[in-house]
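S.K.: okay, here's the prediction I keep looking at, along with the sequence it came from:
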Amino acid sequence: MDLDDAAILGELDALRARDAPTHGGRVLSYVYDAGMPELDELAAQAARRMQAVNGLDPTTFTSVAALERDVVAFARDILGGDEDVAGSVTSGGTESCLLAVKTARDLWRAGGGTGVARIVAPVTAHAAFRKAAELFDLAFDAVPVSPATGTLDAAAVVDRLGPDVALVVVSAPSYPFAAMDPVADVAVACAAAGIACHVDACIGGWILPFWPDRVPAWDLAVPGVTSLSADLHKYGYAPKGVSVLLHRGRDRHRAQYFATTDWPGYPVVNPTLLGSKSAGALAAAWAIIRALGADGFAQLAARAARATAALRAAVAGIEGLRVVGVPTGPLLAVATDESVPPERRVDPHHWADRVRGAGWVLQQQPGLTQADGIRLPHTTHLTVTPVTETVLDELVAALVAAADAVRGVPAVDPAQALGALPAQLPERLDSDAAAAVLAGIGLGAGGALPDAMAPLMALIEALPHPVAERLLTELLARTIAP
């Protein structure tokens, strides 16, 4: 028996009620809340008007070309581009990063490059670049960063440049630690070596141009920067998923395209990985840009900046915790302050678990041993949005109370985490074997995560990367298994 509209939507509402809240500032990752319900409604109305449109062919649906042209023009203006800069709207930061890598690889090959090309990037570069290396058959060459600050030494990148490097990536800023990479120094070295340099500004691109504090040079105005990505579904406040990828030079941009007439169907010319695609998020982003303009984005950036400064000050005032480095933009990472006695330290993962119990979602990040043997600390990440300013008093109180509750509780011992696993893992973790391992550590019920994430984070840190990745794949795959 068919359900009526109200019943169907009621089912959807019931499912959504179990999600973390996307508005109100309770989730400090994944969602970007301007705190303007009218902006959300405008975006929804704009997307609704484009619901039936196929973005595959802007010659049939000319509105798509007009919207994309306006979005790229605005992005070019705020991101330091000139008339030589061209670009495309993509489905998100991952697609922008993938296309930047594909373009660089293809141009490297066209220039005489042979064999397996390298991507040189800090270890903190977004995981999308590792995905790109795997998909497009490149080697990912991770450059270590400072464990104290998360910052990258430009000289360490320059030392790795060579004829097999197709692309160097720098972040503005990095997601894990909010560290601004030395874009200008790296880009000038890349230009001298004839190597492409991509700035991943997926998280910073739509707020750093309006940030009230001074930011080191990082955008397309920097000589030597050949491409830049910036996500509109982050600090452009558009719905998922929409991003821009800009290139210095029309010929570089055209190398991003896939085109074929070598089949009996219609000519296929795609600037993105997707063929048929929704124009809804593009329309929503366009409408938001039209509504806010540069002044509106600047006002929202000022709100996020004030909230970020307040949270940094609050964490600095909590004994046992420290903000990692000197963050740039509306992000920060929090680590244990090891300068105080052990009994006064606060483990950031226990802290985040306790904060979650009070109704706030922070993002735990596992530690990592870099290629040079130096370990990056495990941390908790906070993404700050304009709406955060409206809930600061309640949030800071929760952060302080959580730290007081777990101060002196040691981090989960990796050996203890490994002790939850079978003494001998199967040589090959197929789906059933991986599920059995997960069930043995209490993660077998439909892929449900535990209430406390600190033990799982410790397990991820302790396991070899391939094993951890296989188990996490199984865990997430099981959540959607019929």
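M.R.: Yep, it's here. Numbers count the residues shown, from 1 in each chain.
S.K.: low-scoring stretches of the stretch 301-450 of the chain, by residue?
M.R.: By pLDDT under 70, the low-scoring segments of the stretch 301-450 of the chain are 444-449.
S.K.: next, the buried residues of whichever strand or helix holds Ala307.
M.R.: Here Ala307, judged by DSSP states H and E, is contained in helix 280-316. Neighbour-count burial for helix 280-316, counted by 16 or more other C-beta atoms under 10 Å, picks out 280-289, 292, 296-297, 300-301, 303-308, 310-312, 314-315. For glycine as for every other residue, the C-beta is placed from the backbone atoms N, C-alpha and C.
S.K.: did I read that right, Val186 in a helix?
M.R.: Yes - Val186 forms part of a helix when assessed by DSSP: H, G, I helix; E, B strand; the rest coil.
S.K.: neighbours around Ala415, how many?
M.R.: 9 (other C-beta atoms under 10 Å).
S.K.: secondary structure element holding it?
M.R.: Ala415 belongs to helix 414-418, assigned by DSSP H and E.
S.K.: extract the C-alpha set from that helix and format it as CSV.
M.R.: Written as CSV, here are the backbone C-alpha positions of helix 414-418 (Å, rounded to 0.1, in the frame of the first residue of the first chain):
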residue,chain,number,x,y,z
PRO,A,414,47.6,1.5,22.5
ALA,A,415,48.6,-1.9,24.0
GLN,A,416,45.3,-2.0,25.8
ALA,A,417,43.5,-1.2,22.6
LEU,A,418,45.3,-4.0,20.7
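S.K.: buried set for the helix or strand just after it?
M.R.: Counting by DSSP H and E, the next helix or strand C-terminal to helix 414-418 is helix 431-440. Buried positions in helix 431-440, judged by neighbour count with 16+ other C-beta under 10 Å: Ala433, Ala434, Ala435, Val437, Leu438.
S.K.: packing partners of the following helix or strand past helix 431-440?
M.R.: Counting by DSSP H and E, the next helix or strand C-terminal to helix 431-440 is helix 454-462. Helices and strands touching helix 454-462, by 3 or more C-beta pairs under 8 Å, 6 or more residues apart in numbering; DSSP states H and E, are helix 348-357, strand 363-365, helix 414-418, helix 465-479.
S.K.: at 6 Å instead, please
M.R.: Counting contacts by 3 or more C-beta pairs under 6 Å, 6 or more residues apart in numbering; DSSP states H and E, helix 454-462 is packed against helix 348-357, helix 414-418.
S.K.: quick one on the thing from earlier: for the buried residues of helix 431-440, give me JSON lines that also has distance to Ser243.
M.R.: Converted to JSON lines, those look like this (distance: C-beta to C-beta, whole Å):
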{"residue": "Ala433", "distance to Ser243": "37"}
{"residue": "Ala434", "distance to Ser243": "32"}
{"residue": "Ala435", "distance to Ser243": "35"}
{"residue": "Val437", "distance to Ser243": "36"}
{"residue": "Leu438", "distance to Ser243": "33"}
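S.K.: starting at the chain centroid, how far to stretch 173-193?
M.R.: Chain-centre distance of stretch 173-193: 17 Å, with C-alpha atoms, centre = their mean, to the nearest Å.
S.K.: let's see the distance spanning that stretch from one end to the other.
M.R.: 24 Å (C-alpha to C-alpha, to the nearest Å).
S.K.: now do stretch 40-56
M.R.: Start-to-end span of stretch 40-56 (C-alpha to C-alpha) is 26 Å.
S.K.: repeat that for stretch 110-121.
M.R.: 22 Å.
S.K.: got a list of contacts for that stretch?
M.R.: Residues outside stretch 110-121 that contact it (C-beta atoms under 6 Å, 6 or more residues apart in numbering): 105, 108, 129, 133, 138-141, 160, 164-169.
S.K.: what do you get if the cut-off is 8 Å, keeping everything else the same?
M.R.: 101, 105, 108-109, 129, 132-133, 137-143, 157, 160-170, 255 (C-beta atoms under 8 Å, 6 or more residues apart in numbering).
S.K.: pull out the buried residues from the residues you listed.
M.R.: Those of the contacts of stretch 110-121 that meet the buried threshold are 101, 105, 108, 129, 132-133, 138, 140-143, 157, 161, 163-170, 255, by 16+ other C-beta under 10 Å.
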